[in-house]
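J.: I would like the atomic coordinates for the input below:
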Amino acid sequence: EAAGCARGDAHAWPLSPEGGGAGVPETALEMDTEQPIRVFITGVNLRMKDDDFRDFLLNRLGAALGEAFEIELVRDAETKASRGRAYLTLPGRAALEAALKL
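T.: Below you'll find the predicted structure:
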């Protein structure tokens, strides 16, 4: 895979207006179209840097992601080493559906 990304899993749930998870819906299709969606991604290469992961996602999902998305690699609090997981925040259900079709 490009940039050393391993194929992992992803799970999505809507964000509440306060920024926290609003609970897990039964399916992604039950999510509000306009509400931001946070996707949990596993299997990220442990040597992946934030900018490299952003570039990888833009190259693979570019048009589906659009301009409004955020990436957060999960790191160990003490060592700052990657934990092989990331959060991707998308602007809404349409962006999620477009990304899943690729």
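J.: continuing past the helix or strand of the chain with the lowest mean pLDDT, what's the next helix or strand?
T.: Within the chain, judged by mean pLDDT, DSSP states H and E, the helix or strand with the poorest mean is strand 10-14; its value is a mean of 57. Downstream of strand 10-14, the first helix or strand assigned by DSSP states H and E is strand 37-42.
J.: partner strands of that following strand and their direction?
T.: strand 10-14 (antiparallel), strand 82-90 (antiparallel) (DSSP bridges).
J.: would you mind listing the buried residues in the longest one?
T.: It stands for strand 82-90. S82, G84, R85, A86, L88, T89, L90 (16 or more other CB atoms under 10 Å). Glycine gets a C-beta too; all of them are placed from N, C-alpha and C.
J.: the fourth one and N45, how far apart?
T.: When distance is defined by CB to CB, to the nearest Å, A86 is 10 Å away from N45.
J.: M48: neighbour count?
T.: For M48, the neighbour count with other CB atoms under 10 Å is 19.
J.: then E34?
T.: Count around E34 with other CB under 10 Å applied: 10.
J.: contacting residues around it?
T.: G92 (CB atoms under 8 Å, 6 or more residues apart in numbering).
J.: against R47, how distant is the nearest residue to D50 once chain neighbours are set aside?
T.: Closest residue in space to D50, ignoring its immediate chain neighbours: L73 at 5.6 Å, by CB to CB, 6 or more residues apart in numbering. Distance, L73 to R47, using CB to CB: 11 Å.
J.: who has more neighbours, the two?
T.: The residue with more neighbours, out of L73 and R47, is L73; 18 against 10, by other CB under 10 Å.
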